[in-house]
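**Q** what follows is a predicted protein model with its sequence.
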Amino acid sequence: MVSFMRVRVKLFGLLGRRFPDYDLEKGLEVEVPEGARIGELLARLEISNNEDAVVTVNGLVQKTDRTLKHRDLVYIFQSVVGG
């Protein structure tokens, strides 16, 4: 039996536009399997590795192989490109 946990996700840049009911103040509450990694969360949100998003968990920049914990606060920043 798989246990699940919830993490709060706040999206920055244009990422929030992908979710019609995204709340800028509250973000999204996402349910993921216990032991899920950031990369799995990104895949669940359909944010590909090609987007070079910067992810913080509880205020610290993390790599996609970091394991998430129940009630983590995850910020996902869209990379800025241009000139």
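**A** Yep, that arrived.

**Q** list the buried residues for the lengthiest strand in the chain?
**A** Taking DSSP state E as the criterion, the chain has its longest strand at strand 4-12. Buried residues in strand 4-12, counted by 16 or more other Cβ atoms under 10 Å: Met5, Val7, Val9, Lys10, Leu11. The way it works is simple: take the backbone N, C-alpha and C, and place the C-beta from them, glycine included.

**Q** now render those as a markdown table, adding pLDDT.
**A** As requested, these are exported to a markdown table (pLDDT from 0 to 100):
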| residue | pLDDT |
| --- | --- |
| Met5 | 98 |
| Val7 | 99 |
| Val9 | 98 |
| Lys10 | 98 |
| Leu11 | 98 |
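
**Q** of those residues, which is the nearest to Lys26?
**A** For the buried residues of strand 4-12, the closest approach to Lys26 (Cβ to Cβ) belongs to Lys10, at 8.3 Å.

**Q** now the closest one, nearest residue through space, not along the chain?
**A** Spatial nearest neighbour of Lys10, excluding adjacent residues (Cβ to Cβ, 6 or more residues apart in numbering): Gly27 at 3.8 Å.
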